[in-house]
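Enquirer: structure for the following, please:
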Amino acid sequence: MSFKFDIYTLVDITNTGAKRNEDSFSYKQHQNFLTVQQTIGLRVNMIMDTDPELVEDYPKFGSDYTGDLKVWKVPVEIEYESALDIEMLNNDFALVPFIAGLTENVEFKQAVFEPTCSKKRNIIFTVDDK
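Expert: Below you'll find the model as predicted:
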């Protein structure tokens with residue numbers, strides 16, 4: 001049985017596919033996308049059939065971030081349900097650095113993923129029950 005979950009983040013994880021010698025801005029966006037993929041990939045093989053997209057309906061982030069937030073969402077699936085859970089994702093992403101200052105509309109005090117801090121939470125994992 002597979003395990004499906006959604007990632008919501010305030011970090012620009014746009015999948016531009018840009019290479020190092022191409023547009024620098026697009027390259028930085030793509031590096032954040034790859035950071036998410038590789039962090040999950042350290043533990044399991046995954047299926048990410050769709051690119052991250054901006055959404056208007058999302059869970060509550062840290063209290064440092066209020067107002068009309070830009071939130072990226074990407075669904076992820078892994079083959080074996082017992083290979084990964086939300087607690088593992090939270091532990092794996094804690095303090096992983098990213099590139100800030102792209103198209104986000106919030107300012108990060110530190111450019112690291114914060115999955116559990118009640119004030120600075122900038123990435124959320126939810127189980128997809130579909």
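
Enquirer: neighbours of Ala94, how many?
Expert: The tally of other residues near Ala94 (other CB atoms under 10 Å) stands at 14. (Glycine included, C-beta is placed from N, CA and C.)

Enquirer: no, scratch that, I was asking about Asp51
Expert: What Asp51 shows, counting by other CB under 10 Å, is a neighbour count of 13.

Enquirer: that one in helix, strand or coil?
Expert: At Asp51 the chain is in coil, as set by DSSP: H, G, I helix; E, B strand; the rest coil.

Enquirer: which helix or strand in the protein has the lowest average pLDDT?
Expert: strand 46-47 (a mean of 94; mean pLDDT, DSSP states H and E).

Enquirer: that strand pairs with which strands, and in what direction?
Expert: Strand 46-47 pairs in its sheet with strand 71-78 (antiparallel), by DSSP bridges.

Enquirer: how about the partner strand, which residues are buried there?
Expert: Val71, Trp72, Lys73, Val74, Pro75, Val76, Ile78 (16 or more other CB atoms under 10 Å).

Enquirer: check what pLDDT the nearest residue to the first one once chain neighbours are set aside gets.
Expert: Closest residue to Val71 in three dimensions, ignoring its sequence neighbours and counting by CB to CB, 6 or more residues apart in numbering: Tyr58, at 4.4 Å. The predicted structure scores Tyr58 at 97 on the pLDDT scale.

Enquirer: tell me which element Tyr58 is part of?
Expert: Using DSSP states H and E, Tyr58 is not contained in any helix or strand.
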